[in-house]
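Peer 1: next comes the sequence, and after it the predicted model I'd like to discuss.
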Amino acid sequence: MLLLSMAAAAPAAALAFGPPPRENLTLQAPTTSVAGQAVGAVAQLDAGPNQPLAWTPVTLLVDTTQVATKLTDSSGRVSFTIPGSMLVVARKYSLTAVSGGGRRHGHGATATSSLTVAATPVPSSGTGPGSSPAEKTALVLSMPSASPLGTDVAVTASLDDALGRPVPGQHLSLNLNGVPLQGDNSGPSGSVSFAIPGRKLGQARSYAVQASFAGSHGYAASAATATLTVIAAAIQVVTLPPVPGLGFTIGDATAITGPDGVAALPVPASGTYRLTADLNPDRTGTTALKASFVGWADGANTASRTIVVNGPATYVMGVRIAYAASVRFVNMAGRAIDPALVNSATFAGADGTSVVLNPQSGAARVWWTASVAAATSPGTAAPGAGVATDHSPTDAPYIPSQLEPGPAGSGGGMTAISISYRPVSVEIHGVDALVPDQQAWAPGDGGTWTIRLAVYDLNVRAEDALFGAPAGGQVRLVWPNGSYATASTGADGTAAFAGVPAGSYSIRLDGSSLTASVPSSNSQTATIKVVTLADVLVAIATALGLLVLGLFALVTYRRRHGRLV
């Protein structure tokens, strides 16, 4: 059907675009052979110099019997093999090549040649009546000496005569470890290009490659051998973002990622393997880095997976990196603040996540996500985006379901996103003490984040209301959220409160009270006037004294006026 359809298409092309190109056909074949021996022939079809006619049918006939119809290749060349069963009688045969499907269609080019078949092989020694010596041949094998496991290997076999001239139209065979692999006829340059399929090279070892020419009438047999060394397949595992120190295992091979996040594992044989990941090999718990699985670039969604090894390949694993870092709170003077005073501290990540610290979680060893692999396909959210996390974001890693599959050796729809953080609020006793406009912070190995807070020292001095002398007792400072702190006055009548956010507070000493305002620029001292027992006694004595004086004055007055009370 292909022959008929292509032949029928030619007249239509002629009507639409003018006459078809003039076809030139040549046929190369041996002129002699031996009865029962297969013979190769090569036809070349073109429309002029450097104008090969590709994908055109060419038919070969022996006398009037059709051998085969084949399409020319991209160089206008087509090879035929005349089976020995068509050449069993010792006589002269007519070989005819016809292009375009055959002469019966009224077009196409024709090339002819003759083949004389002898009854018995001609001795190569040249002895005996009527004999002629077979010309020596040399077979050259061109191929790489080594190749990775599972990779196709290109091999070229070239046949020359004793004078180094190419011998076309001869059947050449290729064997691998003694097993026939392929065969074809030599072209005009005397060569045949073979390809050893990678599936035939599934073990990392040495292979014997042999090209052979069995000989034909007039040409002696020849052969060439070479050794092909197949090396183990290099399987690379790449972490995105790069993380050093992660372990991966395939079969008996184990490797640790280097600073570039790459682990290389040699696999000596094709097959199905389990690729196992160990993302946190440090079992001591002292490491300041954690890695958790996000997804593979080719769409696999478990950290350990099954792979099929047929040759070198690269697998890209997306991970989330978190570092352990401490948070240090300081006041405006740069002095450290006890983190136990902080009721809660909220931080916002650039990826939309949030971290909240409190007295239970502490601030000494907090896990911060520093970088994460994200899908780059349109409409797919970055892993973890918009998801609130606690202070240990690696405890429940996000596994995206829409990672865009990618080819081996690339990020394949994944990219690494670095995450920085900004403080949102730091609450102390119901007051947000955070100093605004602080710089963003990026987590790192062993880092400490210092947060400035608008908190100050408040000293409360209790004084005798009458004499100004220091007064002793318990001072109570009431916070806006209703809680309070107490401190005892010292010998100088002063009680100290540290870490007081700027604001107005109620202060009491033994029932007395005042409202003190802490400024937003520096620490201050608030004074409480207290009525002491000495003040009361003085007041009583003064009152009694005034009463006595009053009575004395009254008595004196009456005496002067002659009246007594």
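Peer 2: Received it, and whenever you're ready, just let me know what you need.

Peer 1: after the worst-scoring helix or strand of the chain on mean pLDDT, which helix or strand is next?
Peer 2: Least confident helix or strand of the chain, by mean pLDDT, DSSP states H and E, is helix 2-17 with a mean of 35. Per DSSP states H and E, the first helix or strand lying C-terminal to helix 2-17 is strand 24-28.

Peer 1: buried set for stretch 498-513?
Peer 2: Ala498, Gly499, Val500, Pro501, Ala502, Gly503, Tyr505, Ile507, Arg508, Leu509, Asp510, Ser512 (16 or more other Cβ atoms under 10 Å). From N, CA and C alone the C-beta is placed, and that goes for glycine too.

Peer 1: which of those residues fall within strands?
Peer 2: Ala498, Gly499, Val500, Pro501, Gly503, Tyr505, Ile507, Arg508, Leu509, Ser512 (DSSP state E).

Peer 1: Ala297 versus the nearest residue to the first one once chain neighbours are set aside, what's the distance?
Peer 2: With Cβ to Cβ, 6 or more residues apart in numbering as the measure, Asp457 is the residue that lies nearest to Ala498, at 5.4 Å, once sequence neighbours are left out. In this view, Asp457 and Ala297 are 56 Å apart by Cβ to Cβ, to the nearest Å.

Peer 1: mind checking which of the two has more residues around it?
Peer 2: Set Asp457 next to Ala297 and count neighbours by other Cβ atoms under 10 Å: Ala297 wins out with 26 against 17.

Peer 1: relative to Val316, how far out is that one?
Peer 2: Ala297 is 4 Å from Val316, by Cβ to Cβ.

Peer 1: pull the CA atoms of stretch 326-346 into PDB?
Peer 2: This file holds the C-alpha atoms of stretch 326-346, laid out as PDB (Å, rounded to 0.1, in the frame of the first residue of the first chain):
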ATOM      1  CA  SER A 326      18.200  31.800  69.800                       C
ATOM      2  CA  VAL A 327      16.300  35.000  70.400                       C
ATOM      3  CA  ARG A 328      17.800  37.600  72.700                       C
ATOM      4  CA  PHE A 329      15.700  40.500  74.000                       C
ATOM      5  CA  VAL A 330      17.400  43.700  75.200                       C
ATOM      6  CA  ASN A 331      16.200  47.000  76.500                       C
ATOM      7  CA  MET A 332      17.000  50.400  75.000                       C
ATOM      8  CA  ALA A 333      20.300  50.500  76.900                       C
ATOM      9  CA  GLY A 334      21.300  47.200  75.300                       C
ATOM     10  CA  ARG A 335      21.000  45.200  78.500                       C
ATOM     11  CA  ALA A 336      19.600  41.700  78.300                       C
ATOM     12  CA  ILE A 337      15.900  41.200  79.400                       C
ATOM     13  CA  ASP A 338      14.900  37.900  81.000                       C
ATOM     14  CA  PRO A 339      12.900  36.100  78.300                       C
ATOM     15  CA  ALA A 340      10.600  34.800  81.100                       C
ATOM     16  CA  LEU A 341       9.100  38.300  81.200                       C
ATOM     17  CA  VAL A 342       7.900  38.000  77.600                       C
ATOM     18  CA  ASN A 343       4.300  36.700  77.500                       C
ATOM     19  CA  SER A 344       4.400  36.200  73.800                       C
ATOM     20  CA  ALA A 345       6.500  37.200  70.800                       C
ATOM     21  CA  THR A 346       5.200  36.900  67.200                       C
END
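
Peer 1: show me which positions of it end up buried.
Peer 2: Those would be Val327, Phe329, Asn331, Met332, Ile337, Pro339, Leu341, Val342, Asn343, Ala345, Thr346, for stretch 326-346 by 16+ other Cβ under 10 Å.

Peer 1: the first one contacts Ile451, doesn't it?
Peer 2: Pointing back at Val327 there. Yes. Between Val327 and Ile451 a contact is recorded at 6.3 Å, counting by Cβ atoms under 8 Å.

Peer 1: and for these two, which residues touch both?
Peer 2: Ala345 (Cβ atoms under 8 Å, 6 or more residues apart in numbering).

Peer 1: quick check: pLDDT value at the nearest residue to Thr32 once chain neighbours are set aside.
Peer 2: Using Cβ to Cβ, 6+ apart and skipping residues adjacent in sequence, the residue nearest Thr32 is His217, 3.9 Å away. Predicted confidence (pLDDT) at His217: the value is 75.

Peer 1: please shift the residue numbers so they start at 480 in all later answers.
Peer 2: From this message on, residue numbering opens at 480, which makes the last subject His696.

Peer 1: quick check: His696 vs Ser840, distance?
Peer 2: For His696 relative to Ser840 (Cβ to Cβ), the value is 93 Å.

Peer 1: neighbour count winner among the two?
Peer 2: Taking other Cβ under 10 Å, His696 and Ser840 do not tie; His696 has more neighbours (20 against 16).
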